[in-house]
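> A predicted structure for the sequence below; I have some questions about it.
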Amino acid sequence: MRRLTKVALVAISLSMLVNVNANAHGGATGVVKERMTIMETLGKSLKELTAMMRGKTTYEPERVRQIARQMSSHGGDSMTKLFPKDSLDKPSEARPNIWTQWGKFEGLASQLTSYAKALEKSANNKSGASTSGGMPQVQGMMNNSGMMTNMPEADPELLANMPPDAAYIHITQTCGSCHEGFRKPKK
């Protein structure tokens, strides 16, 4: 009887796990689920970088390089392939104008890769970090949502030779521009 109870508990646990996974991202499937998962990963990475850049956590160059490599791998063609024409199945947060403004979307995806590579290269550059481990150049320059506004496009090679927060700022602006232009607003 005990064995049957254990088997039943395992079966119930597994079915609950399957239900949780099926309901993740509002029941998204296929490419919509894949891109929502990647966007969630990118968001978590950006949040971790933001904490380091604002001095809320210690700046760790090796971790910055890891995050930058991950972000770079999800930009460019890896990003655009997640948006096949008219893939708006619910619960997609994509706006249909991605496909009417494909060049702009493709450019932002490419910028994400370029700026992430610049961040990876610049992670050990002198930053002028405060004793709390933050990057004072960034502190006070970001809005409440953690996004920069009105930043000009920069050459990734130039950014690679600057303090790492310069590349970070361009990554945040790229993500913000993409969300503003191509993602449905949160309700």
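Structure's in. What do you need?
> so how many other residues sit close to M71?
24 (other C-beta atoms under 10 Å). Using the backbone N, CA and C atoms, a C-beta is placed for each residue, glycine as well.
> And A28, by the same measure?
20.
> Need the pLDDT of it.
Per-residue confidence at A28 stands at 80 (pLDDT).
> Surely it is in contact with M36?
Yes: A28 is in contact with M36 according to C-beta atoms under 8 Å; the separation is 5.4 Å.
> Mutual contacts of the two, please.
Taking C-beta atoms under 8 Å, 6 or more residues apart in numbering as the criterion, A28 and M36 both touch P91, S92.
> Work out which residue lies at the spatial centre of this structure.
Nearest residue to the geometric centre of the chain (C-alpha atoms, centre = their mean): L42, 2.1 Å.
> tell me the contacts of that residue?
L42 touches M71, H74, C175, counting by C-beta under 8 Å, 6+ apart.
> Check the secondary structure at it for me.
Classification of L42 using DSSP: H, G, I helix; E, B strand; the rest coil returns helix.
> Could you list the low-pLDDT ranges of the protein?
For the chain, applying pLDDT under 70 flags the ranges 1-25, 127-154.
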